[in-house]
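Undergrad: Whatever this is, show me its structure:
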Amino acid sequence: MSKIGFLTDSCSDIPQELADKYGIEVVGFPINLDGKEYIERRDMTNNEFYEMMRNSDAVPTTAAITQLQWCEIYQRYEAEGYTDLVHLVMNGGGSSTYNNALKAVEMFDEECPGHTLRVRVLDSHTYSMPYGWYFCECARKVRNGGELNACVDELLRKLDCVEICLAAYSLRQMKKSGRVSAAAAVVGDLLGIRPIISLNDGVSKVESKVRGDAAVPAAMVKWVQGRVDNVKDMPYMVAYTSGTAKRDELVKLCRKTFGHPPMFVFQLGGVVSANTGPDAVAIVFEGHPRHLEAYTPSLP
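TA: Numbering: from 1, shown residues only. The predicted structure is shown next:
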């Protein structure tokens, strides 16, 4: 009889109640700030991390989860009698964590010859709940009797369509992290310039710039409208950091324009907000398929 495990990292931003509900293990990323290392989800909440960023002059940095860590986790699943482990990882282009997971499979095979655990390592090609949500859906369907391969195939098709439209209300963190130049950040903040950023296949691009906070939601919604054929049928989510008023404003406009509420509203965790800063919002939505062949599982 099959015993199936689901494994991911904290960049997925899956709320703990959903992780518990669907039996998903979430491994926290190390985050360094002011010379101290924290493990996401264990040592601080999202709101605590936002305040830490506001009160620090340093730039938070994240470290990859190592192949040794992954290998030890695989060994635990094998010891506990699991037959299959679906391991979905944050964008491989933005972290060595994905490659570490692939190497961990090789290490696992060497250290545990004859093991019967089938490990599928999948690159999400994205960040945050854009892969966390669909991973929850995959686990839910499998737990309810769905066939594993079919559920994983559906997960990969969804990931091939997911897009992110993000806006940061301050360029301070992006300046500190090197995402924008210091001069551009200073001028941008003085003039109230807010970049509208797309994040597809793990690649960020400034799509437009607006002046003033009030112009941000409309600019985001307009960009999303230009990416899909019919927003009335478009599944979407809204993300935020600490700005609940800005969150509510964006949700209200999305609901009015798209004609239906978001599937989910969630907070951006430490890995993403370390780059965006503590004042950001995003729309996550399903666009057109891109290149499904890139999502082929590493193991059958």
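Undergrad: okay, stretch 203-220 in PDB with CA atoms only?
TA: Taking Å, rounded to 0.1, in the frame of the first residue of the first chain, the C-alpha atoms of stretch 203-220 are listed here in PDB:
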ATOM      1  CA  VAL A 203      12.500  36.400 -13.500                       C
ATOM      2  CA  SER A 204      11.500  39.900 -12.300                       C
ATOM      3  CA  LYS A 205      10.800  42.800 -14.700                       C
ATOM      4  CA  VAL A 206       9.600  46.300 -14.100                       C
ATOM      5  CA  GLU A 207       6.500  46.600 -16.200                       C
ATOM      6  CA  SER A 208       5.600  50.200 -15.400                       C
ATOM      7  CA  LYS A 209       6.000  52.900 -12.900                       C
ATOM      8  CA  VAL A 210       3.300  55.000 -11.200                       C
ATOM      9  CA  ARG A 211       3.500  58.000  -8.900                       C
ATOM     10  CA  GLY A 212       1.900  57.800  -5.500                       C
ATOM     11  CA  ASP A 213       0.500  54.900  -3.400                       C
ATOM     12  CA  ALA A 214      -3.100  55.600  -4.600                       C
ATOM     13  CA  ALA A 215      -2.200  54.700  -8.200                       C
ATOM     14  CA  VAL A 216      -0.700  51.300  -7.400                       C
ATOM     15  CA  PRO A 217      -3.800  49.000  -7.200                       C
ATOM     16  CA  ALA A 218      -5.300  50.300 -10.500                       C
ATOM     17  CA  ALA A 219      -1.900  49.900 -12.300                       C
ATOM     18  CA  MET A 220      -1.600  46.300 -11.000                       C
END
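Undergrad: Distance from it to the middle of the chain?
TA: 20 Å (C-alpha atoms, centre = their mean, to the nearest Å).
Undergrad: got it, and stretch 247-263?
TA: 21 Å.
Undergrad: Show me what counts as buried in that stretch.
TA: 247, 249, 250, 251, 253, 254, 258, 262, 263 (16 or more other C-beta atoms under 10 Å). All C-beta atoms are positioned from the backbone trio N, CA, C, and that covers glycine.
Undergrad: same check, this time on stretch 14-23
TA: Residues of stretch 14-23 classed as buried: 14, 18, 19, 22 (neighbour count, 16+ other C-beta under 10 Å).
Undergrad: Which of those residues sits closest to residue 211?
TA: Residue 211 lies nearest to residue 14 out of those, by C-beta to C-beta, at 35.4 Å.
Undergrad: Contact partners for residue 11?
TA: Counting by C-beta atoms under 8 Å, 6 or more residues apart in numbering, residue 11 touches 29, 90, 95, 127, 128, 269, 271, 272.
Undergrad: got it, and residue 8?
TA: By C-beta under 8 Å, 6+ apart, the residues touching residue 8 are 14, 24, 25, 26, 27, 87, 88, 89, 131, 132, 135.
Undergrad: Dump those residues into CSV; add secondary structure, pLDDT and distance to residue 78 as well.
TA: Listed next are the contacts of residue 8 as CSV, based on DSSP: H, G, I helix; E, B strand; the rest coil; pLDDT from 0 to 100; distance: C-beta to C-beta, whole Å:
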residue, secondary structure, pLDDT, distance to residue 78
14, coil, 97, 24
24, strand, 98, 18
25, strand, 98, 14
26, strand, 98, 20
27, strand, 98, 17
87, strand, 98, 13
88, strand, 98, 19
89, strand, 98, 19
131, helix, 97, 25
132, helix, 97, 25
135, helix, 98, 21
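Undergrad: Emit the ChimeraX select command for whichever of those are buried.
TA: Restricted to buried positions by 16+ other C-beta under 10 Å, the ChimeraX selection for the contacts of residue 8 reads:
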select :14,24,26,27,87,88,89,131,132,135
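Undergrad: Nothing else from me, thank you.
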